[in-house]
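Here is a sequence together with a model predicted from it:
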Amino acid sequence: MRILCFDKPSGWTSFNAVKFLRNRCQTRKAGHLGTLDPLATGVLPVFLGEATKLIPLFNQQHKSYQATVLLGRQTDTWDTEGKTLEEKPLGALKPEVVRKVLEAFQGNIELPIPAFSARKVKGRRAYELVRKGERVPEQTQQVVIDEFGIESLEMPEVAFRLRCTSGTYIRSIAHGLGLQLGTGACLAKLRRVKVGREFDETNSITPERLEDDPQTWPWLDLRGLLKDHPSVQLDEVALGKIRNGMRVEIAPENWEGAAKPPKASEEDAPVCAWTTSGENLVALGRVLWENDQDYFQPHRIFHQDRTC
């Protein structure tokens, strides 16, 4: 059960990156957090083997980006990879006007969804429909941009950084900026620099380094990634029952760290069950209270696997 951050190069699809790592690590199961367009580079957290079962715990984390927008050009994909639909001179457009419009893309906002996207329309990917000449209905999405800053404004390019909710199309910001300015605009560069708190550029690995011994790769510490989740350590007898889907009693000394979690609900953070050594994660589950006794009920069980 392994997790690492892949520094995706431009030109690779997220699927290509995961497939490459799956083959390199000789594992059948692999998945990632947050698709990056081929144009984009940067942090792509990849989960291998049994670790793929942990993806739902991290899927909704906020993401941070550095982006460059090209003003005066409109394309069908809303980035420079697409077909140019129109080009307009910027004329006397002043940088302060661009700055004022761009800074409005903050907080809770509604953005259009690109037609060239992986979202499903009647069970099919939107980009597949567009490529076949079929019309994709216009849709919007509510997003939150909670950090934003302009890094440079050298016409016709604008560079900025932002932190936003998962699923935000940065191409939509570029397109929206072009509409409001009346010049058209498209995304020229995009780099994801962070996902949540734990996945960032400092612990990412480039394709070139994948030629090294996997033991030297910057594998992420599973305990560190799950440190915010309540944890229990159980003996082999209890863990054997958990592996068979049975619930087990939790004694006060089984809890790690501070107090046990409050009464659980479906929205609560799952509880992690570890071996007594604390090295291996065996299951995620919920805590049940019955007859003044705490019980751990597993809902996701992890088997030992070999990945790299």
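Thanks, I have the structure now.

Going along the chain, name the helices of the stretch 201-308 of the chain.
222-225, 236-243 (DSSP state H, counting those that start in this stretch).

how about a markdown table for the ones you listed, with mean pLDDT, distance to Val121 and mean neighbour count added?
(Glycine included, C-beta is placed from N, CA and C.) Putting these into a markdown table (pLDDT from 0 to 100; distance: least, CB to CB, whole Å; neighbours: other CB atoms under 10 Å) gives the following:
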| stretch | mean pLDDT | distance to Val121 | mean neighbour count |
| --- | --- | --- | --- |
| helix 222-225 | 92 | 34 | 15 |
| helix 236-243 | 92 | 41 | 16 |
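
so which of those helices gets nearest Ala67?
helix 222-225 (26.8 Å; CB to CB).

and for that closest one, what are the contacting residues?
1, 3, 51, 54, 58, 198, 278, 281 (CB atoms under 8 Å, 6 or more residues apart in numbering).

Tell me the secondary structure of the spatially closest residue to the fourth one that is not a sequence neighbour, please.
Nearest residue to Leu54, sequence neighbours excluded (CB to CB, 6 or more residues apart in numbering): Phe47, at 6.2 Å. Three states are possible here, and by DSSP: H, G, I helix; E, B strand; the rest coil the one that applies to Phe47 is strand.

Could you do the one 5 residues further on as well?
Taking three-state DSSP as the rule, one finds Thr52 in the helix state.

isn't it right next to Arg28, touching?
No. If you go by CB atoms under 8 Å, Thr52 and Arg28 don't touch, sitting 10.1 Å apart.

Leaving out chain neighbours, which residue sits closest to Pro207?
In space, Pro207 is closest to Pro9, 6.3 Å off (CB to CB, 6+ apart).

Just put the helices of the stretch 201-308 of the chain in a markdown table and tack on distance to Gly149.
Formatted as a markdown table, those follow (distance: least, CB to CB, whole Å):
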| stretch | distance to Gly149 |
| --- | --- |
| helix 222-225 | 28 |
| helix 236-243 | 47 |
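
Can you pull the poorly scored residue ranges out of the stretch 1-150 of the chain?
Scanning the stretch 1-150 of the chain for pLDDT under 70 picks out nothing.

Could you pull out the strands in it for me?
2-8, 30-32, 41-48, 63-71, 73-75, 84-87, 107-112, 120-121, 124-125, 140-154 (DSSP state E, counting those that start in this stretch).

looking at the ones you listed, which is closest to Cys164?
So among the strands of the stretch 1-150 of the chain, strand 140-154 is nearest, using CB to CB, at 4.7 Å.

Render the CA-only coordinates of the closest one in PDB, please.
Extracted C-alpha coordinates of strand 140-154, given in PDB (Å, rounded to 0.1, in the frame of the first residue of the first chain):
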ATOM      1  CA  THR A 140     -22.200  26.100 -14.700                       C
ATOM      2  CA  GLN A 141     -20.700  25.100 -11.300                       C
ATOM      3  CA  GLN A 142     -20.400  26.800  -7.900                       C
ATOM      4  CA  VAL A 143     -16.800  27.000  -6.700                       C
ATOM      5  CA  VAL A 144     -14.900  28.600  -3.900                       C
ATOM      6  CA  ILE A 145     -11.700  30.500  -4.500                       C
ATOM      7  CA  ASP A 146     -10.400  31.200  -1.000                       C
ATOM      8  CA  GLU A 147      -6.900  32.400  -1.900                       C
ATOM      9  CA  PHE A 148      -5.900  34.600  -4.900                       C
ATOM     10  CA  GLY A 149      -3.000  36.800  -6.000                       C
ATOM     11  CA  ILE A 150      -1.800  38.300  -9.300                       C
ATOM     12  CA  GLU A 151       1.900  37.500  -9.800                       C
ATOM     13  CA  SER A 152       2.500  39.400 -13.000                       C
ATOM     14  CA  LEU A 153       0.600  41.400 -15.600                       C
ATOM     15  CA  GLU A 154       2.600  41.800 -18.800                       C
END
